[in-house]
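Student: coordinates only, sequence not included:
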């Protein structure tokens with residue numbers, strides 16, 4: 001058995017169908033399994049865990065922010081691991097690490113109490129520091145490494161059909177993520193928050209074994225080609241121009257890298273900030289809690305529709321059009337933020353929210369292999385992931401600071417408009433470096 005297939009009984013070359021479709025299935029499952037390390041998965045645990053640890057909401061949020069910022073500073077290293085060792089081992093250890101972190105989270109109260117007794121100190125700093133470390137591990141392994149490795153391995157197995165398979169993956173992930181708070185909350189209510197984290201840990205342990213069996217780094221390692229293309233005629237071979245394989249340093253020297261990365265980071269910042277404080281945002285404009293929560297379903301429908309249509313079309317259209325449509329969505333959401341109390345505010349916010357999410361699902365997967373090649377995809381996407389994680393880390397605290405200072409969130413809308421106007425102008429020359 002080849003070294004690339006060690007510890008696995010699955011041979012992609014003997015698969016009755018193109019193995020890339022198996023990669024599509026397990027890679028999508030891998031992104032879904034990152035939910036315990038995503039904001040949407042952690043937020044459900046906020047109230048019971050902070051109360052059990054004796055932390056205030058601000059203390060708990062700050063622990064989350066610091067842990068997330070720290071993970072953004074080292075995620076680039078994981079991207080280099082991806083290029084060096086491949087998706088299989090990186091995703092395996094990420095899933096295993098996330099599983100262990102969830103078990104430790106479930107015993108956080110006991111661990112905190114033990115340290116207090118040993119140190120003979122009763123202070124909030126002990127559970128605060130403990131959760132900061134645990135959040136670092138959760139965010140690094142879940143939102144960072146497992147998500148990056150799973151998304152990248154799908155993109156590596158496809159080329160011409162990259163947009164089509166990403167459409168399938170994006171739809172499954174959108175519905176999976178949007179429904180996850182319901183079943184995670186059901187686990188907490190029916191068992192306890194400790195057992196809920198333990199159940200998720202067991203699930204991730206099982207998934208880590210699935211990774212070891214089914215994840216395969218590249219089709220070429222198994223005598224296959226992206227998209228399942230086996231042979232080409234001579235004329236077609238001559239027409240194919242080899243894509244330049246950019247290193248991270250070369251990619252960072254292009255305007256396209258920065259404009260697309262900064263736009264995706266804005267999405268991460270804005271969506272996380274709004275999601276984290278959505279009830280407070282709407283309450284500040286006179287809306288009840290039910291109205292705040294109700295925006296997510298229609299926004300998800302818009303996002304899924306956008307990502308499905310434009311993922312399919314991405315195999316034929318220039319991605320700069322997508323960048324500007326995403327900027328338009330961000331402007332709609334920012335204006336909706338400012339006009340929330342008016343008739344058009346909520347529809348604009350929902351529409352912009354959905355457009356941002358839809359194009360994020362397309363660009364974050366498609367743009368990097370198309371623009372910069374596959375050889376250094378891990379390092380490039382690892383750097384981009386650090387921007388996304390940093391944006392999601394800063395958002396809750398900055399939104400909160402805005403409200404505590406001005407008794408309104410409207411300043412975030414103005415900042416969004418200014419930022420997006422800058423990106424729109426700066427992106428005029430953000431062309432595909434290929």
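Tutor: Now that the structure is in, tell me what you want to look at. Computed from a prediction, not measured in an experiment: that's the story for all the values here. Numbers count the residues shown, from 1 in each chain.
Student: Mind listing what's buried along the helix or strand harbouring residue 352?
Tutor: Using DSSP states H and E, residue 352 sits within helix 345-372. Neighbour counts over helix 345-372 (16 or more other Cβ atoms under 10 Å) mark 345-346, 348-372 as buried. (C-beta placed from N, C-alpha, C; glycine too.)
Student: Kindly report the same for stretch 417-434.
Tutor: So, applying 16+ other Cβ under 10 Å, buried residues of stretch 417-434: 417, 419-420, 423-424, 427, 430, 433.
Student: Among the residues you listed, which one lies nearest to residue 329?
Tutor: If you rank the buried residues of stretch 417-434 by distance to residue 329 using Cβ to Cβ, residue 420 comes first, at 9.5 Å.
Student: Tell me how many other residues surround the residue nearest to that closest one when sequence neighbours are not counted.
Tutor: Distances taken as Cβ to Cβ, 6 or more residues apart in numbering place residue 330 nearest to residue 420, at 4.8 Å, with adjacent residues excluded. For residue 330, the neighbour count with other Cβ atoms under 10 Å is 25.
Student: Pick out the residue closest to the middle of the protein.
Tutor: What sits nearest the mean C-alpha location of the chain, by Cα atoms, centre = their mean, is residue 143, with 5.6 Å.
Student: What's the per-residue pLDDT of that residue here?
Tutor: pLDDT recorded at residue 143 is 87.
Student: Then residue 122?
Tutor: At residue 122, the predicted lDDT confidence score is 88.
Student: Can you classify it as helix, strand or coil?
Tutor: Per DSSP: H, G, I helix; E, B strand; the rest coil, the secondary structure class of residue 122 is coil.
Student: who's in contact with it?
Tutor: residue 116 (Cβ atoms under 8 Å, 6 or more residues apart in numbering).
Student: Domain ranges for this structure, per the record?
Tutor: Domains of the chain are assigned by automatic domain parsing as 14-236, 248-426.
Student: And the last one, end to end?
Tutor: In other words, domain 248-426. 21 Å (Cα to Cα, to the nearest Å).
Student: residues touching residue 318, list them.
Tutor: residue 432.
Student: Let me know the distance separating it from residue 371.
Tutor: As judged by Cβ to Cβ, to the nearest Å, residue 318 and residue 371 stand 11 Å apart.
Student: follow-up on the earlier one: please compute how far the host helix or strand of the residue nearest to residue 420 lies from its chain's middle.
Tutor: Per DSSP H and E, residue 330 falls inside helix 319-338. Relative to its chain's centre, helix 319-338 lies at 19 Å (Cα atoms, centre = their mean, to the nearest Å).
Student: Ok, stretch 49-56 next?
Tutor: 27 Å.
Student: Check stretch 345-356 too.
Tutor: On Cα atoms, centre = their mean, the centre of stretch 345-356 falls 20 Å from the chain's centre.
Student: In three-state terms, label residue 79 for me.
Tutor: Under three-state DSSP, residue 79 comes out as helix.
Student: what about it, how many residues close to it?
Tutor: Residue 79 has 27 neighbouring residues, counting by other Cβ under 10 Å.
Student: Does the nearest residue to it once chain neighbours are set aside lie in a helix or a strand, and which?
Tutor: Distances taken as Cβ to Cβ, 6+ apart place residue 382 nearest to residue 79, at 1.8 Å, with adjacent residues excluded. Using DSSP H and E, residue 382 falls within helix 377-406.
Student: ditto for residue 100
Tutor: helix 87-106.
Student: Which parts of stretch 402-416 count as buried, going by neighbours?
Tutor: Neighbour counts using 16+ other Cβ under 10 Å place 402-403, 409-413, 415-416 of stretch 402-416 among the buried residues.
Student: From residue 144, how far out is residue 137?
Tutor: Distance from residue 137 to residue 144, by Cβ to Cβ: 10 Å.
Student: Comparing those two, which residue is more hemmed in?
Tutor: A direct count of neighbours by other Cβ under 10 Å for residue 137 and residue 144 places residue 144 higher, at 27 against 20.
Student: Next up, the contacts around that one.
Tutor: Counting by Cβ under 8 Å, 6+ apart, residue 144 touches 37, 71-72, 75, 78, 94, 385, 389.
Student: how about a cut-off of 10 Å?
Tutor: With contacts defined as Cβ atoms under 10 Å, 6 or more residues apart in numbering, residue 144 is in contact with 34, 37, 68, 71-72, 74-76, 78-79, 94, 138, 382, 385-386, 388-389.
Student: for the residue lying closest to it once chain neighbours are set aside, helix, strand, or coil?
Tutor: In this structure, residue 144 finds its nearest non-sequential neighbour in residue 75, 4.4 Å apart by Cβ to Cβ, 6+ apart. Recorded secondary structure, residue 75: helix (three-state DSSP).
Student: coming back round to it: kindly reformat the domains of the chain as JSON lines containing distance to residue 8.
Tutor: Below are the domains of the chain laid out as JSON lines (distance: least, Cβ to Cβ, whole Å):
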{"stretch": "domain 14-236", "distance to residue 8": "5"}
{"stretch": "domain 248-426", "distance to residue 8": "20"}
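Student: circling back: greatest separation within the buried residues of stretch 417-434: which pair is it?
Tutor: Across the buried residues of stretch 417-434, the longest distance by Cβ to Cβ is 28.8 Å; it joins 417 and 433.
Student: could you give the angle of the helix holding residue 352 to helix 319-338?
Tutor: For helix 345-372 against helix 319-338, the angle by axes from the mean of the first three to the mean of the last three Cα atoms, to 10 degrees is 150 degrees.
Student: just checking, next helix/strand downstream of the worst-scoring helix or strand of the chain on mean pLDDT?
Tutor: Every helix and strand in the chain was compared by mean pLDDT, DSSP states H and E; the lowest is helix 234-239, with a mean of 46. Counting by DSSP H and E, the element after helix 234-239 in chain order, helix or strand, is helix 248-252.
Student: Who are the packing partners of that following helix?
Tutor: Under the contact definition 3 or more Cβ pairs under 10 Å, 6 or more residues apart in numbering; DSSP states H and E, helix 248-252 sits against helix 57-85, helix 255-276, helix 345-372, helix 377-406.
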